[in-house]
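In: attaching a predicted model along with its sequence, questions to come.
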Amino acid sequence: MLVNAMWAGQYPAYKTATSRAGPVVIGLWTFLIASLILIPFLLHERRAKTRPAGTFEWGGFVLLAALGLIPGSAVLAWGTELSTASNAALLYLTLPVITAVLAVTLLGERMTLVRWGSLVLALFGVLIVSGPDWRHANLHSMKFLGGNLIILVAITGSAFYNVYSKRLLGRFTPLEVLVSGYMVAAALSVPLVIWLEPSSLVAIRSYSLGVWVSLFVLSVFSWGLAMVLWMHLLQRLDVSQASVSIYLLPLLGVLFSAILLKEKVTPAMLAGGVLTLAGTILITSSETTGG
């Protein structure tokens with residue numbers, strides 16, 4: 001519950017932070033502060049373990065940061081700015097489905113009929129969440145479609161991070177993967193900020209208290225302590241047990257968005273969320289039972 005609550009806080013935090021800061025500079029601040037939060041845990045781990053740290057792999061961590069972490073943060077902030085925090089929370093139900101699709105490409109896993117069906121259900125749920133105008137029935141009338149599609153790109157980045165991390169976890173500990181990935185992502189974000197958001201760093205003085213609180217929530221909780229606690233849980237529970245708790249994430253995300261941002265939860269959003277959840281449960285139960 002605590003881990004999912006800290007993860008769910010990212011949706012209203014991104015929505016609030018983008019009112020004054022650009023998506024890329026938000027990612028830069030998040031990765032920098034999260035690295036500082038996690039480095040003490042990493043140093044403690046290295047003092048306690050007997051085997052030496054793995055040799056740093058620039059190529060692997062650059063790929064992890066460029067295709068996984070930066071989309072999962074900066075692109076998510078951008079999509080949430082154009083859509084709603086509630087939509088972002090609901091759409092993250094597609095993460096297990098997209099992860100399964102990427103696993104076919106990157107890990108050579110087989111794309112089954114169940115996986116295709118799960119993907120179709122999830123994408124149909126996305127369209128319903130986007131709020132189409134059924135009277136005119138064209139894609140241009142979908143108010144949040146553009147933002148929701150950008151959120152899907154961010155989710156794909158998160159899925160890539162999950163899949164590609166499996167290769168790195170064979171040679172590095174979870175904390176080594178987290179801290180190294182964050183530091184590389186921060187370094188890659190600097191030229192992006194200079195190129196895409198040159199005025200963002202100067203605008204720091206105009207940050208409101210809400211923006212600073214949002215950056216604190218993102219870096220310290222959502223990308224910091226939540227990730228450490230999640231790794232701790234995975235060491236004590238079966239993966240299937242821990243993964244079930246992720247179903248709490250959209251519920252808490254929508255709840256926080258409604259309370260903190262006064263966002264309206266419509267029947268269409270709930271219906272789309274149910275369809276997306278159905279696709280997720282279908283593929284998760286199938287993978288667990290070996291179907």
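Out: Okay, I see it.

In: what's near enough to touch the spatially closest residue to G224 that is not a sequence neighbour?
Out: Among residues not flanking G224 along the chain, I37 sits closest, at 3.9 Å (Cβ to Cβ, 6 or more residues apart in numbering). (C-beta placed from N, C-alpha, C; glycine too.) Neighbouring residues of I37 by Cβ atoms under 8 Å, 6 or more residues apart in numbering: 219-220, 224-225.

In: how close does I37 get to V190?
Out: To V190, I37 is 19 Å away according to Cβ to Cβ, to the nearest Å.

In: next one: H44
Out: H44 is 28 Å from V190, by Cβ to Cβ.

In: between the two, tell me which one has more neighbours.
Out: Between H44 and V190, counted using other Cβ atoms under 10 Å, the more crowded position is V190 (14 against 11).

In: which of the helices or strands spans the more buried one?
Out: Using DSSP states H and E, V190 maps to helix 174-196.

In: show me where the stretch 151-291 of the chain has helices.
Out: Applying DSSP state H, counting those that start in this stretch to the stretch 151-291 of the chain gives helices spanning 174-196, 209-216, 226-236, 239-244, 248-261, 267-289.

In: check which helices and strands the first one sits against.
Out: Under the contact criterion of 3 or more Cβ pairs under 8 Å, 6 or more residues apart in numbering; DSSP states H and E, the helices and strands touching helix 174-196 comprise helix 23-48, helix 58-64, helix 70, helix 145-168, helix 226-236.

In: can you list the ones you listed in a markdown table and add mean pLDDT?
Out: Shown next, in a markdown table, are the helices and strands packed on helix 174-196 (pLDDT from 0 to 100):
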| stretch | mean pLDDT |
| --- | --- |
| helix 23-48 | 91 |
| helix 58-64 | 91 |
| helix 70 | 95 |
| helix 145-168 | 85 |
| helix 226-236 | 73 |
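
In: what's the closest of those to S206?
Out: helix 23-48 (12.5 Å; Cβ to Cβ).

In: what comes up buried for the helix holding V190?
Out: Applying a neighbour-count criterion of 16 or more other Cβ atoms under 10 Å, the buried positions in helix 174-196 are 174-186, 188-189, 192-193.

In: mean pLDDT for the helices of the stretch 151-291 of the chain: which is lowest?
Out: Lowest mean pLDDT of the helices of the stretch 151-291 of the chain: helix 239-244, a mean of 47.

In: report the separation between S208 and A258.
Out: For S208, the distance to A258 - Cβ to Cβ - is 21 Å.

In: of these two, give the one with the bigger neighbour count.
Out: A258 (15 against 12).

In: gap between that one and T16?
Out: 14 Å.

In: just I259 next, same as before
Out: Counting by Cβ to Cβ - I259 and T16 are separated by 13 Å.

In: between these two, tell me which one has more neighbours.
Out: Neighbour count, other Cβ under 10 Å: between I259 and T16, T16 has more, with 22 against 10.

In: per-residue pLDDT, that one?
Out: Reported pLDDT for T16: 91.

In: ok, the one 4 residues further on next?
Out: The predicted local distance difference test score for R20 is 87.

In: how about it, secondary structure?
Out: coil (DSSP: H, G, I helix; E, B strand; the rest coil).

In: check the burial of the closest residue to it other than its chain neighbours by counting its neighbours.
Out: Ranked by Cβ to Cβ, 6+ apart and with sequence neighbours excluded, the top spatial neighbour of R20 is V211, at 4.7 Å. Around V211 there are 21 other residues, counting by other Cβ under 10 Å.

In: isn't V3 right up against A226?
Out: Yes - with contacts counted by Cβ atoms under 8 Å, V3 reaches A226, the gap being 5.1 Å.

In: now what about stretch 189-198, what contacts it?
Out: Contacts of stretch 189-198 (Cβ under 8 Å, 6+ apart): 22, 24-25, 27-28, 31, 70, 74, 200-201.

In: out of those, which is most surrounded?
Out: Neighbour-wise, the contacts of stretch 189-198 (other Cβ under 10 Å) top out at G27, 30 neighbours.

In: which residues does that one contact?
Out: G27 neighbours (Cβ under 8 Å, 6+ apart): 69-70, 73-74, 77, 185, 189.
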